[in-house]
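> Predicted structure and sequence below. I'll ask about it afterward.
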Amino acid sequence: MARKPVLTGGKRDEIINTSMKLFFENGYEATSVRMIMNAVGGEIGMFYHYFRSKEELFDKVVDSFFKGYEERFGALVSQCASPEEFINAFLPMYFNSMTEFEKIKENMHWTIQYAMSARTIMALREVVTKALSQWEINSGTPLNILAGQMLYALSATIHSEEFIRMDDEEKKNCIMNLVDKLTH
């Protein structure tokens with residue numbers, strides 16, 4: 001028998017929000033469906049009414065976490081006519097996002113931190129590909145590949161100890177040099 005479609009909201013959203021907290025604190029492997037359902041005051045059967053598996057739930061948790069971020073990033077990119085304009089707008093957004101992330105990161109299991117980092121890059125790749133096209137970048141590398149290269153390189157750069165110690169102008173120059181090297 002086919003499953004009935006499940007609407008959003010209500011208990012489903014409560015399960016997602018509670019799961020986010022538990023996954024972040026305990027990691028994916030150490031968070032069980034039973035643990036989640038005990039926290040929301042529901043039975044295991046209720047879980048399977050809303051989700052096929054813990055993996056599907058984790059995907060929904062990550063989607064929920066990134067939804068607002070992706071929208072803000074996409075809006076920011078669409079307003080920038082050049083990589084330099086983007087970097088000038090991106091850095092304040094990035095630092096605000098990292099400040100927010102630090103608030104929840106303290107109790108976040110390392111496996112979730114890794115998954116979130118990888119998911120950030122996947123989520124932003126399409127937006128960066130569109131931006132490269134909009135900026136008429138022609139480096140000889142297909143734009144979707146170039147977008148991935150840029151995101152991984154930016155991630156490695158902005159999370160390095162050396163970058164963190166730089167002042168704002170040095171950070172901007174460092175990122176501009178990286179983007180320039182990748183796009184020319």
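Nice, thanks for sending it over.

> quick one: low-confidence parts of the protein?
1-9, 103-104, 106-107 (pLDDT under 70).

> Map the structural domains onto the sequence of it.
The chain breaks down by automatic domain parsing into domains covering 10-58, 65-183.

> In a markdown table: those, plus mean neighbour count.
(Each C-beta comes from the backbone N, C-alpha and C, glycine too.) As requested, the domains of the chain are exported to a markdown table (neighbours: other CB atoms under 10 Å):
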| stretch | mean neighbour count |
| --- | --- |
| domain 10-58 | 16 |
| domain 65-183 | 15 |
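
> Helix or strand: which one has the residue nearest to the spatial centre of the chain?
Nearest to the mean C-alpha position of the chain, by CA atoms, centre = their mean, lies residue 120 at 2.8 Å. Using DSSP states H and E, residue 120 maps to helix 110-134.

> do the same with residue 86
With DSSP H and E as the test, residue 86 turns up in helix 83-105.

> The nearest residue to residue 152 once chain neighbours are set aside: what's it in contact with?
In space, and not counting its chain neighbours, residue 152 is closest to residue 121: 6.3 Å by CB to CB, 6 or more residues apart in numbering. Contacts for residue 121 were tallied using CB atoms under 8 Å, 6 or more residues apart in numbering; they are 148, 151-152, 155.

> Convert the helix or strand where residue 146 lies to PDB, retaining C-alpha atoms only.
If you go by DSSP H and E, residue 146 is part of helix 143-158. Listed next in PDB are the C-alpha coordinates belonging to helix 143-158 (Å, rounded to 0.1, in the frame of the first residue of the first chain):
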ATOM      1  CA  LEU A 143      31.600  26.500 -14.400                       C
ATOM      2  CA  ASN A 144      30.100  23.900 -12.100                       C
ATOM      3  CA  ILE A 145      33.600  22.400 -11.600                       C
ATOM      4  CA  LEU A 146      35.100  25.800 -11.000                       C
ATOM      5  CA  ALA A 147      32.400  26.600  -8.500                       C
ATOM      6  CA  GLY A 148      33.200  23.500  -6.500                       C
ATOM      7  CA  GLN A 149      36.900  24.300  -6.700                       C
ATOM      8  CA  MET A 150      36.300  27.800  -5.400                       C
ATOM      9  CA  LEU A 151      34.100  26.600  -2.600                       C
ATOM     10  CA  TYR A 152      36.500  24.000  -1.300                       C
ATOM     11  CA  ALA A 153      39.400  26.400  -1.600                       C
ATOM     12  CA  LEU A 154      37.500  29.100   0.200                       C
ATOM     13  CA  SER A 155      36.500  26.700   2.900                       C
ATOM     14  CA  ALA A 156      40.100  25.600   3.500                       C
ATOM     15  CA  THR A 157      41.200  29.300   3.500                       C
ATOM     16  CA  ILE A 158      38.600  30.800   5.800                       C
END
